[in-house]
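Participant: the following comprises the amino acid sequence and a computationally predicted model.
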Amino acid sequence: MTTRLTLFLFSALLAGTAGAAAGDKTDIVRNLAGRVGPIVGSALACRDIARPRIQAIVDKFTAVIVEASSNEAERSDLTQSFDRSVADGRGAVTTGGTDCRSADGQLTDLERSLAGPGPGPSVAAIAPSSATAATSPTAPVAAGSPVRGVTDQEIRFGIAAPFSGSAKELGRQMKLGIDTAFNRVNEAGGVEGRMLKLIAADDGYEPTRTADAMKQLYEKDQVFGIIGNVGAPTAVVAVPYAIERKLLFFGAFTGANVLRHDPPDRYVFNYRASDAEETDAVVRYLVKLW
């Protein structure tokens, strides 16, 4: 299993963490497991994708886990993390969040990124300024326009995210960032004199609650658009809901393919990179360091 490619990855991992604590090194491998696993899982759920291609990736990553682990407990922990990510990838195909053509494309991209260094895609990061960018469609709205969520005084946006449960910090931090950006815009006079307002709905990072959260924002709060939703599992529910109602869906905190169809969905705008793009960039960077 210790192929030249595996040595590249492992050496890059060590080069990238020279002098770091053992826990930091395993954190890097765990991060990669969370990126490579869903790609492997999606491919496994598609019968038309050749199993030897998938197994080659699994073997190489397994070897990286073995080499990066200082003891059996670490190895078991990293393996379980990888297995959970693989299961998530399988589930994404089963629930329709990822189609097999996209899964094959992701696997191909991963194979290419593992083949050696080269120019990789830039990686976008979530930043408060994303909220400002989301307001551009509102500029042409005339005073008194009946556009949903837009009045002479304000533009209402909604966020469906976890504000309770184990993932509540993800939602809280995302809302905090958007609120900070909105406040900065509002202090400068807003958008065409309209103040930006963010309304939050709690889905607890549970897809079964996401539909109700989206319904609240759309029907009760009458928001102009959705911004900053958190999570891939919840996006499987939220994205179709928004598209069906022609509702702006901007800057979700997920790299899942459910938001990245080809051709793209008309009302979905991504601000961050996809999981496949991030994985490609991470692997290329590590190989470059080696």
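Facilitator: Happy to help now that I have it.

Participant: ok, Gly89 - how many residues close by?
Facilitator: 26 (other CB atoms under 10 Å). Where C-beta positions appear, they are placed from N, C-alpha and C, glycine not excepted.

Participant: now do the contacts for it.
Facilitator: If you count contacts by CB atoms under 8 Å, 6 or more residues apart in numbering, Gly89 has them with Gly37, Pro38, Ile39, Val40, Gly41, Ser42, Ala43, Leu44, Ala45, Thr98, Ala103.

Participant: between these, which is nearest Gly177?
Facilitator: Taking CB to CB as the measure, Gly177 sits nearest to Pro38 out of the contacts of Gly89, at 24.7 Å.

Participant: turn the contacts of Gly89 into TSV, including distance to Ala252 and pLDDT.
Facilitator: Formatted as TSV, the contacts of Gly89 follow (distance: CB to CB, whole Å; pLDDT from 0 to 100):
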residue	distance to Ala252	pLDDT
Gly37	20	84
Pro38	16	85
Ile39	19	87
Val40	23	89
Gly41	21	87
Ser42	19	88
Ala43	23	89
Leu44	25	90
Ala45	23	89
Thr98	15	68
Ala103	20	84
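
Participant: PyMOL command to pick out the buried ones of the residues you listed?
Facilitator: The following PyMOL line selects those of the contacts of Gly89 that are buried, judged by 16 or more other CB atoms under 10 Å:
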select buried, resi 37+38+39+40+41+42+43+44+45+98+103
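
Participant: all helices for the stretch 51-200 of the chain, in order.
Facilitator: Ranges of helices in the stretch 51-200 of the chain, per DSSP state H, counting those that start in this stretch, are 51-68, 72-94, 100-115, 129-133, 168-187.

Participant: can you tell me which of the contacts of Gly89 is closest to Val239?
Facilitator: Nearest member of those to Val239, counting by CB to CB, is Thr98, at 12.2 Å.

Participant: remind me which residues of this protein are low pLDDT?
Facilitator: For the chain, residues meeting the criterion pLDDT under 70 lie at 1-25, 97-98, 113-146.

Participant: hang on, the earlier thing: now, which of the contacts of Gly89 lie within helices?
Facilitator: Among the contacts of Gly89, the members found in helices (DSSP state H) are Gly37, Pro38, Ile39, Val40, Gly41, Ser42, Ala43, Leu44, Ala103.

Participant: test my guess that the last one contacts Thr94.
Facilitator: This means Ala103. No: look at Ala103 against Thr94 with CB atoms under 8 Å: they stay out of range, at 11.6 Å.

Participant: what's the overlap in contacts for the two?
Facilitator: By CB under 8 Å, 6+ apart, the residues touching both Ala103 and Thr94 are Ala45.

Participant: just list the residues touching Met195, thanks.
Facilitator: Contacts for Met195 (CB under 8 Å, 6+ apart) come out as Gln153, Glu154, Ile155, Asn186.

Participant: before we move on, what about Arg194?
Facilitator: Thr138, Val150, Thr151, Asp152, Gln153, Glu154, Ile155.

Participant: please pick the buried ones from these.
Facilitator: Burial by neighbour count, judged by 16+ other CB under 10 Å, picks out Thr138, Val150, Thr151, Glu154, Ile155 from the contacts of Arg194.

Participant: skipping its backbone neighbours, what lies nearest the third one in space?
Facilitator: Just to be clear, that refers to Thr151. Arg194 (7.3 Å; CB to CB, 6 or more residues apart in numbering).

Participant: bridging residues for the one you found?
Facilitator: Val191 (DSSP bridges).

Participant: please report how far it lies from Pro263.
Facilitator: Per CB to CB, to the nearest Å, Arg194 is found 32 Å from Pro263.

Participant: go on, Ala213?
Facilitator: 28 Å.

Participant: so which of these two has more stuff around it?
Facilitator: Ala213 (27 against 5).

Participant: residues contacting that one?
Facilitator: Ala213 sits next to Ala160, Ala201, Asp202, Asp203 when contact means CB under 8 Å, 6+ apart.

Participant: which of the three states applies to the second one?
Facilitator: Translated: Ala201. strand (DSSP: H, G, I helix; E, B strand; the rest coil).

Participant: show me the domain layout of this structure.
Facilitator: Domain segmentation of the chain under automatic domain parsing yields 4-123+277-289, 129-272.

Participant: so what's the gap between the longest one and the chain middle?
Facilitator: Relative to the mean C-alpha coordinate of its chain, domain 129-272 is positioned 15 Å out (CA atoms, centre = their mean, to the nearest Å).

Participant: noted, bye for now.
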